[in-house]
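In: here are the coordinates; sequence isn't available:
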């Protein structure tokens, strides 16, 4: 026998309906879908994925394009997200404070070691690049601002996870790995413990040959807040060895961390 809704549940449902904004929800659905896909999508593909009609989303897609949240893909096939949402997030005070402290130090670091460097922070189950400084030399490797990668797949993720409290780690575990990734998560946790004990990560990039990721954590008042990275490339033209770059990274991290903690 079906259970009749109580007055309290009916009132809650009525309140939910009263304060819904269907047009806004459709726009957010489009943006969240495109962020998850990470590849250009046509209006038809968006509509199919969301279970809606093309006519229902046509004006919504045009409005998002007009406001600068999405744009035609370079290949001309479909739409892709712009950096507008990222720029809005970067305008928030905590991120702004981090960049204010880090960018001058990162400029000095790049000049000192002759390599590029970038800064990443956690965002959900991913790390995202929030700042970069190009190599001052003719040879270098850089990662674009806004680049994302899963925490469990990144060298920086080892430090961001490993430097957290046990309570925070318990919250992170189901976020960064699916249930079927238990073995992968176990290896990740073991590697994160080694990274924290060492104080840095040094390992070959697993997606670019010839690049070694050198990573150190940055600490704020609330613990590990970011990771500073030099994607090291070996060249006879460069002034520093990997060991010297690690020393420079640790010194730079200490300077940034000291300013964040005092702020």
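Out: Nice, I can see it. These numbers were taken from a predicted model, which means no experiment stands behind them.

In: Show me how the record splits this structure into domains.
Out: 7-82, 92-262 (automatic domain parsing).

In: Could you look over those domains and pick the most buried one?
Out: domain 92-262 (a mean of 17; mean count of other CB atoms under 10 Å). For the C-beta atoms, the positions are set from N, CA and C on the backbone; glycine is no exception.

In: tell me the mean pLDDT over that domain?
Out: The average pLDDT within domain 92-262 is 90.

In: any idea how far residue 193 lies from residue 163?
Out: According to CB to CB, to the nearest Å, residue 193 and residue 163 sit 11 Å apart.

In: Also residue 237?
Out: From residue 237 over to residue 163 (counting by CB to CB), the distance is 34 Å.

In: Tell me where the stretch 151-263 of the chain has helices.
Out: In the stretch 151-263 of the chain, the segments counted as helices under DSSP state H, counting those that start in this stretch are 155-162, 166-176, 182-198, 242-262.

In: tell me the strands in the stretch 51-200 of the chain, going along the chain?
Out: Ranges of strands in the stretch 51-200 of the chain, per DSSP state E, counting those that start in this stretch, are 70-72, 79-81, 117-123, 126-133, 148-150.

In: With residue 215 as the reference, name the closest of the ones you listed.
Out: Minimum separation from residue 215 across the strands of the stretch 51-200 of the chain (CB to CB) falls at strand 117-123, 8.6 Å.

In: That closest one packs against which elements?
Out: For strand 117-123, the packing partners by 3 or more CB pairs under 8 Å, 6 or more residues apart in numbering; DSSP states H and E come out as helix 93-113, strand 126-133, helix 155-162, strand 223-233.

In: What lies in contact with it?
Out: Contact with strand 117-123 is made by 95, 98-99, 102, 106, 109-110, 127-133, 142-143, 145, 148, 151, 154, 156-157, 160, 218, 225-231, 249, as judged by CB atoms under 8 Å, 6 or more residues apart in numbering.

In: quick one: pLDDT of residue 80?
Out: 83.

In: so what's it bridging to?
Out: Applying DSSP bridges to residue 80 yields these beta-bridge partners: residue 71.

In: circling back: redo the strands of the stretch 51-200 of the chain as a markdown table? Include distance to residue 245.
Out: Formatted as a markdown table, the strands of the stretch 51-200 of the chain follow (distance: least, CB to CB, whole Å):
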| stretch | distance to residue 245 |
| --- | --- |
| strand 70-72 | 37 |
| strand 79-81 | 33 |
| strand 117-123 | 9 |
| strand 126-133 | 14 |
| strand 148-150 | 21 |
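
In: So which of the ones you listed is nearest residue 43?
Out: Nearest to residue 43, of the strands of the stretch 51-200 of the chain and by CB to CB, is strand 79-81 at 7.6 Å.

In: Which elements pack onto the closest one?
Out: Strand 79-81 sits against helix 22-37, strand 70-72, with contacts defined as 3+ CB pairs under 8 Å, 6+ apart.

In: In CSV: those, plus distance to residue 116 and mean pLDDT.
Out: Output for the helices and strands packed on strand 79-81, formatted as CSV (distance: least, CB to CB, whole Å; pLDDT from 0 to 100):
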stretch, distance to residue 116, mean pLDDT
helix 22-37, 26, 84
strand 70-72, 26, 85
